[in-house]
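# take a look and give me a structure for this.
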Amino acid sequence: MPLRSSQIPLRRQPDAPARQSFDHLLFLRQFVRHPLRVGAILPSSARLAKCMLEGIDRRAGMRVAELGAGTGRFTAAIAEWLPEDGAGLALEIDPVFVDRLVGRWPRIECVCERAEHLAEVAKTHGWGPFDHIVSGLPFASLPFETTRLILYAVRRSLQSGGTFTTFQYVHGWHFPLAGRFRREAVRQLGSEPTSKLVLGNVPSAVVLRWRKPTATPAISGDAVERLH
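Take a look at the predicted model:
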């Protein structure tokens, strides 16, 4: 299915060093304005972006979703990594970031929307379950109720056997909300994550990946009610 963003004329872009400098300044400005929502003072490194995709099954026609696209560091890596007939959907809540992303990658549709609305956005755009979901969201600083809603959306939107990949900074690993996120992800996705330490990022990070089993444990009725 053709993506709406591919119908938008590509705007003239600055060269890579100038764009990177501008993105860093823009990211810092948005962090000052919305520190909990942005969650970091610098965009993720190219090394971290590469590690987020390492080991993921790559096949023809695959569909990938990204949560919290920011200035597009992971988005660019996904666009380069996708097979020729693959496509991606990137959600970003900040309209300033979205304005920088729309039209940069013809196979990536960028939408200004909350991550917890992933399933509804995918349905609206005629997407089936995703093969993989990648997240750059700062779960260590998000309200836990928001985290639960996002993980529920991931669970609903990810096909069986698909993966959910995110990262946490090493210095925040033992933050209470970081630990609650990991436990909730195990509960909702029905599997334990793999982990990989990435030192070539500022600050250092741990990449976490869950794979959704063929049959995930049911969430209790009370738990589902609390998610809405």
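# which element follows the longest strand seen in the chain toward the C-terminus?
In the chain, taking DSSP state E as the definition, the longest strand is strand 158-169. The C-terminal neighbour of strand 158-169 among helices and strands, as given by DSSP states H and E, is helix 176-189.
# which strands and helices lie in contact with that following helix?
Counting contacts by 3 or more CB pairs under 8 Å, 6 or more residues apart in numbering; DSSP states H and E, helix 176-189 is packed against helix 144-157, strand 158-169, strand 205-211. Where you see a C-beta, it was placed from the backbone N, CA and C, and this is true even at glycine.
# which residues touch the longest strand of the chain?
Applying CB atoms under 8 Å, 6 or more residues apart in numbering, the external contacts of strand 158-169 come out as 40, 44, 48, 52-53, 56-57, 128-137, 139-140, 154, 178, 181-182, 185, 189, 198, 203-216.
# just to revisit the earlier point, mean pLDDT, mean neighbour count and distance to residue 84 added to the helices and strands packed on helix 176-189, as JSON lines?
Converted to JSON lines, these look like this (pLDDT from 0 to 100; neighbours: other CB atoms under 10 Å; distance: least, CB to CB, whole Å):
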{"stretch": "helix 144-157", "mean pLDDT": "97", "mean neighbour count": "20", "distance to residue 84": "23"}
{"stretch": "strand 158-169", "mean pLDDT": "96", "mean neighbour count": "21", "distance to residue 84": "20"}
{"stretch": "strand 205-211", "mean pLDDT": "97", "mean neighbour count": "22", "distance to residue 84": "25"}
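# tell me where the model's unsure across the protein.
The chain contains residues with pLDDT under 70 at 1-44, 216-228.
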